[in-house]
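Novice: quick one: sequence and predicted model below, then my questions.
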Amino acid sequence: MLFSYIGAHISITFCTIMVINILCHLSFLTFSSIL
């Protein structure tokens with residue numbers, strides 16, 4: 001039970017970090033293409 005809770009928390013945190021990383025990368029590419 002505790003391990004599944006920790007695993008879910010880690011996967012949610014990892015997915016959130018990946019989404020933020022992708023959004024930052026896309027916004028940086030858009031900003032570079034505008035310049």
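Specialist: Everything's here; your move. Remember, predicted model here, so these are calculated numbers, not experimental data.
Novice: okay, which residue is most central for the chain?
Specialist: residue 18 (2.2 Å; CA atoms, centre = their mean).
Novice: for that one, give me the pLDDT.
Specialist: Turning to residue 18, the model gives it a pLDDT of 98.
Novice: does it lie in a helix or a strand, and which?
Specialist: helix 2-34 (DSSP states H and E).
Novice: residue 12 versus the residue nearest to the centre of the chain, what's the distance?
Specialist: The gap separating residue 18 from residue 12 is 11 Å, by CB to CB, to the nearest Å. Placement of C-beta: from N, CA and C, glycine included.
Novice: and if you look at residue 26?
Specialist: For residue 26, the distance to residue 12 - CB to CB - is 21 Å.
Novice: please apply the same query to residue 34.
Specialist: Distance from residue 34 to residue 12, by CB to CB: 33 Å.
Novice: now do residue 20
Specialist: Residue 20 is 13 Å from residue 12, by CB to CB.
Novice: again, but for residue 28
Specialist: Note on residue 28: its distance to residue 12, by CB to CB, is 25 Å.
Novice: then residue 27?
Specialist: 23 Å.
Novice: try residue 19
Specialist: The spacing between residue 19 and residue 12, counted by CB to CB, is 11 Å.
Novice: between residue 34 and residue 12, which one's more packed in?
Specialist: residue 12 (10 against 6; other CB atoms under 10 Å).
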